[in-house]
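S.K.: Structure for this input, please:
(4 chains)
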2 protein chains.
Amino acid sequence: MAERHSTLRAQRRAQTQRTIQAHAIRLFTARGYDATTMNEIAEAAGVSPMTLYRHFPTKEDLVLTDRHGELIAEHLAASPAEGPLTHRIARALIAAATALTGDDAADDREFLLVRLQLMIATPALRARHLDNQYALQQAITSALHDDAADSDAADPDPADPDADFQAQAAASACLAALHTAMVRWAEDDGRSDLPHLIGRALAAVFGDEVVEPAR
Amino acid sequence: MAERHSTLRAQRRAQTQRTIQAHAIRLFTARGYDATTMNEIAEAAGVSPMTLYRHFPTKEDLVLTDRHGELIAEHLAASPAEGPLTHRIARALIAAATALTGDDAADDREFLLVRLQLMIATPALRARHLDNQYALQQAITSALHDDAADSDAADPDPADPDADFQAQAAASACLAALHTAMVRWAEDDGRSDLPHLIGRALAAVFGDEVVEPAR
DNA sequence: TACCTATCTGGTAGTGACTATCACGGTGGT
DNA sequence: ACCACCGTGATAGTCACTACCAGATAGGTA
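M.R.: Sure, this is the predicted structure:
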């Protein structure tokens, strides 16, 4: 079957990616990001530099490859479309963080923590990560835009560009608060509760009406 | 005099920097940022690649070199320390934007516009710019921190880390709104009023109590 | 005027991330 | 047993950026 075929291939591919990434992050934390060359990573992982570039097109992807954006988008789509935009986004961010750092994801949490600490300490990674967050902001606002267009399909949106602009500002502020919380969490070595930190950061921006995540 | 000496040198230096930067941005807008090499810029500006690197340590600095951060910090220090943090930062951002895009700065405004459009369109520049904004957020919060320590020198700050965290979240949200406004302004080809856009973006985040700039 | 020193400038030879192109080998399906 | 395809690999090259060194020039001084 073509399906079993591609799933097997995909599994092997995912496995080698995990191996490469583990070696890369181990070397980055030991020697520093800039002081580690791609050739050294390839050698440590037992592959050729070519293969390394096939799996991770850039050096930054070795640290920043994750599916947080998709996770947030899923939570955003699954949550009820009620309340102000900022509250909807806040709920999605807190829910995604809960899923990523809950007690049943200790390995993921540790992995996330190390990568965040690398990201904070390395200018190139910090910059790329902030640009990823910017792309995520655009994805969120366009998803919300489509949402609104679906529910009021007959409404020709008279003040639409203004609403778009306001939604972009609100979403980018939410993600800025998220980033502040993640940095603080990483600086605490993950000892504090990330969802709670995100809630407090959002409360500092929007006021105290932001709710705690629904269990 | 040593002063006149260094002033003359500094003037010549600033002049060559302006020349190099003008050629660079002309080439970037004509051919694209990535498609323009540093050697081509050096040749167009009539200097050697070495001199180019002495004046602009990285290719990104050819577009992103500005003193906006200092400008905002000055407005922040000069403005009265009254009202919530977010309002103080908002006033400083709007005042700085007014100074940069006012009618008596048409050249600067045009130059700023072209560079912003390059920044938006080029991933590497976008990422660096967002990291610069992050550094600016840290500068703002540490300046506000010192401010508070000066005024209540006798107060040993019982809840200080929490206040720091909230100030960071608030400042990063302000800068996120600023970025949203700048992007919109650049997409409008500078036809709209940047200080007004910033005020609207901040109002979308914090509510409508943000004031218009004092003339 | 002659000297001296700091700064500006330029060339050479590298390092390292990343790409294009070609070729080989093993795996999956007919 | 054959074929097609995907993953892997080597080679050579581009480009941003960095020492290291040498010459020119402009400011201040004896």
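S.K.: average pLDDT across the strand or helix carrying A:Asp164?
M.R.: Assessed by DSSP states H and E, A:Asp164 sits inside helix A:160-187. Mean pLDDT, helix A:160-187: 94.
S.K.: That one near chain B anywhere?
M.R.: Yes - Helix A:160-187 is in contact with chain B by C-beta under 8 Å from any C-beta of the partner chain, via A:165-170, A:172-173, A:175-177, A:179-181, A:184. (Each C-beta comes from the backbone N, C-alpha and C, glycine too.)
S.K.: Now for A:Val114, how many residues are close by?
M.R.: The local packing of A:Val114 (other C-beta atoms under 10 Å in any protein chain shown) involves 17 other residues.
S.K.: Next: A:Glu82.
M.R.: By other C-beta under 10 Å, the residues close to A:Glu82 number 7.
S.K.: domain assignment for chain A?
M.R.: Listed domain ranges for chain A are A:2-58, A:66-211 (source: automatic domain parsing).
S.K.: With distance to B:Ala124 added, can I get the ones you listed in TSV?
M.R.: Listed next are these as TSV, based on distance: least, C-beta to C-beta, whole Å:
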stretch	distance to B:Ala124
domain A:2-58	11
domain A:66-211	8
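S.K.: now the angle from the next helix or strand after the helix holding A:Asp164 to helix B:194-206?
M.R.: With elements assigned by DSSP H and E, the helix or strand that comes after helix A:160-187 is helix A:194-206. If you take axes from the mean of the first three to the mean of the last three C-alpha atoms, to 10 degrees, helix A:194-206 sits at 130 degrees to helix B:194-206.
S.K.: Is helix A:194-206 positioned near chain B?
M.R.: Yes - under the criterion of C-beta under 8 Å from any C-beta, chain B is reached by helix A:194-206 at A:Leu197, A:Arg200, A:Ala201, A:Leu202, A:Ala204, A:Val205, A:Phe206.
S.K.: and that helix, how far from the chain's centre?
M.R.: Between the centre of helix A:194-206 and the centre of its chain there are 17 Å (C-alpha atoms, centre = their mean, to the nearest Å).
S.K.: what helices or strands is it leaning on?
M.R.: Helices and strands touching helix A:194-206, by 3 or more C-beta pairs under 8 Å, 6 or more residues apart in numbering or on different chains; DSSP states H and E, are helix A:85-101, helix A:160-187, helix B:160-187, helix B:194-206.
S.K.: Tell me which of these approaches B:Phe28 most closely.
M.R.: In terms of C-beta to C-beta, the element of those nearest to B:Phe28 is helix B:160-187, at 14.6 Å.
S.K.: if you look at that closest one, does any of it touch chain A?
M.R.: Yes - against chain A, helix B:160-187 shows contacts by C-beta under 8 Å from any C-beta at B:165-170, B:172-173, B:175-177, B:179-181, B:184.
S.K.: Contact partners for A:Leu100?
M.R.: Contacts here follow C-beta atoms under 8 Å, 6 or more residues apart in numbering or on different chains; on that basis A:Leu100 touches A:His68, A:Leu71, A:Asp108, A:Arg109, A:Leu112, A:Leu194.
S.K.: Relative to DNA strand C, how far out is it?
M.R.: Distance check for A:Leu100 against DNA strand C: by C-beta to the nearest atom of the strand, to the nearest Å, it reads 26 Å.
S.K.: Over to A:Asp104?
M.R.: With C-beta to the nearest atom of the strand as the criterion, A:Asp104 and DNA strand C are 32 Å apart.
S.K.: Next, count neighbours for that residue.
M.R.: Neighbour count for A:Asp104, taken as other C-beta under 10 Å: 8.
S.K.: go on, the one 3 residues further on?
M.R.: When neighbours are counted by other C-beta under 10 Å, A:Asp107 registers 8.
S.K.: okay, A:Ala214: pLDDT?
M.R.: What the model reports as pLDDT for A:Ala214 is 44.
S.K.: do A:Asp108 as well
M.R.: Note for A:Asp108: predicted pLDDT of 87.
S.K.: which residues does it contact?
M.R.: A:Leu100, A:Thr101.
S.K.: In space, what's closest to the most centrally placed residue in chain A - neighbours in sequence excluded?
M.R.: The C-alpha lying nearest the average C-alpha coordinate of chain A belongs to A:His68 (C-alpha atoms, centre = their mean; 3.1 Å). Among residues not flanking A:His68 along the chain, A:Ala96 sits closest, at 6.7 Å (C-beta to C-beta, 6 or more residues apart in numbering or on different chains).
S.K.: give me every residue that touches that neighbour.
M.R.: If you count contacts by C-beta under 8 Å, 6+ apart, A:Ala96 has them with A:His68, A:Leu71, A:Ile72, A:His75.
S.K.: Give me the subset of the residues you listed lying in helices.
M.R.: A:His68, A:Leu71, A:Ile72, A:His75 (DSSP state H).
S.K.: Tell me where chain A is predicted with low confidence.
M.R.: Under the criterion pLDDT under 70, the flagged ranges of chain A are A:1-8, A:147-160, A:209-215.
S.K.: near chain B, which residues of it?
M.R.: Residues of chain A lying near chain B by C-beta under 8 Å from any C-beta: A:86, A:123, A:126-128, A:130-131, A:133-134, A:165-170, A:172-173, A:175-177, A:179-181, A:184, A:197, A:200-202, A:204-206.
S.K.: can you do 6 Å?
M.R.: A:126-128, A:130-131, A:165-166, A:168-170, A:172-173, A:176-177, A:180, A:184, A:201, A:204-205 (C-beta under 6 Å from any C-beta of the partner chain).
S.K.: ok, the closest residue to A:Tyr33 other than its chain neighbours - how many residues close by?
M.R.: With sequence-adjacent residues excluded and distances taken as C-beta to C-beta, 6+ apart, A:Tyr33 is closest to A:Thr122, at 4.4 Å. Burial of A:Thr122 is recorded as 18 neighbouring residues (other C-beta under 10 Å).
S.K.: Also A:Arg12?
M.R.: If we define neighbours as other C-beta under 10 Å, then A:Arg12 has 10 of them.
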